[in-house]
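Participant: fold the following.
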Amino acid sequence: MRSVIILAMMMASAIAAQTPAGAPTALKGDAANGKKLFTSDGCYQCHGYAAQGGGIAGPRLAPRPIAFAAFAKYLRSPSGDMPPYTAKVVTEQDLADLYAFLSAVPAPPALDSIPLLK
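Facilitator: Reported below is the predicted structural model:
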């Protein structure tokens with residue numbers, strides 16, 4: 001399972017590295033709508049409701065998502081088992097909304113701030 005997560009992270013890094021410096025940025029996104037789309041489009045089934053990753057099925061997407069251009073490129077033509085989300089299924093505005101949701105997911109608390117773990 002760990003090797004699958006590492007592989008997914010390496011793929012995301014490779015895509016981000018291939019993104020040109022002048023790549024287009026996201027439209028202004030609506031995080032609330034992005035959260036609805038994340039559920040209705042089935043993203044949560046592999047990536048978890050908070051985009052925390054689903055172990056073998058889908059990598060962690062949030063907090064700190066990859067650059068928007070890399071995210072959009074991978075969503076349109078993924079290299080793994082994920083189905084492609086064409087513009088007919090996910091519009092450019094939907095992409096921006098999904099990205100806004102992923103960007104709005106808060107980071108988990110620091111381990112030393114959790115009393116049970118002290």
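
Participant: and the pLDDT for the residue positioned nearest the centre of the chain?
Facilitator: Centroid check for the chain by C-alpha atoms, centre = their mean gives Leu61 as the closest residue, at 3.3 Å. Leu61 carries a pLDDT value of 95.

Participant: that one is in what secondary structure piece?
Facilitator: Assigned by DSSP states H and E, Leu61 belongs to neither a helix nor a strand.

Participant: how close does it get to Leu102?
Facilitator: For Leu61, the distance to Leu102 (C-beta to C-beta, to the nearest Å) stands at 5 Å. Glycine gets a C-beta too; all of them are placed from N, C-alpha and C.

Participant: overlap in contacts, these two.
Facilitator: Ala51 (C-beta atoms under 8 Å, 6 or more residues apart in numbering).

Participant: what lies in contact with stretch 31-42?
Facilitator: 43-44, 47, 49, 51, 85, 89-90, 94, 96-104.

Participant: could you rerun that using 7 Å?
Facilitator: 44, 90, 94, 97-101, 104 (C-beta atoms under 7 Å, 6 or more residues apart in numbering).

Participant: any idea how far that stretch is from the middle of the chain?
Facilitator: Averaged C-alpha coordinates place stretch 31-42 at 12 Å from its chain's average position (C-alpha atoms, centre = their mean, to the nearest Å).

Participant: CA atoms only for it, dumped as PDB, please.
Facilitator: The C-alpha coordinates for stretch 31-42 follow below in PDB (Å, rounded to 0.1, in the frame of the first residue of the first chain):
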ATOM      1  CA  ALA A  31     -15.300  25.900  -2.700                       C
ATOM      2  CA  ALA A  32     -18.900  25.100  -1.600                       C
ATOM      3  CA  ASN A  33     -19.800  24.100  -5.100                       C
ATOM      4  CA  GLY A  34     -16.500  22.200  -5.500                       C
ATOM      5  CA  LYS A  35     -17.300  20.200  -2.400                       C
ATOM      6  CA  LYS A  36     -20.700  19.300  -3.900                       C
ATOM      7  CA  LEU A  37     -19.100  18.300  -7.200                       C
ATOM      8  CA  PHE A  38     -16.400  16.300  -5.400                       C
ATOM      9  CA  THR A  39     -19.300  14.200  -3.900                       C
ATOM     10  CA  SER A  40     -21.600  14.100  -6.900                       C
ATOM     11  CA  ASP A  41     -18.900  13.300  -9.500                       C
ATOM     12  CA  GLY A  42     -17.700  10.400  -7.300                       C
END
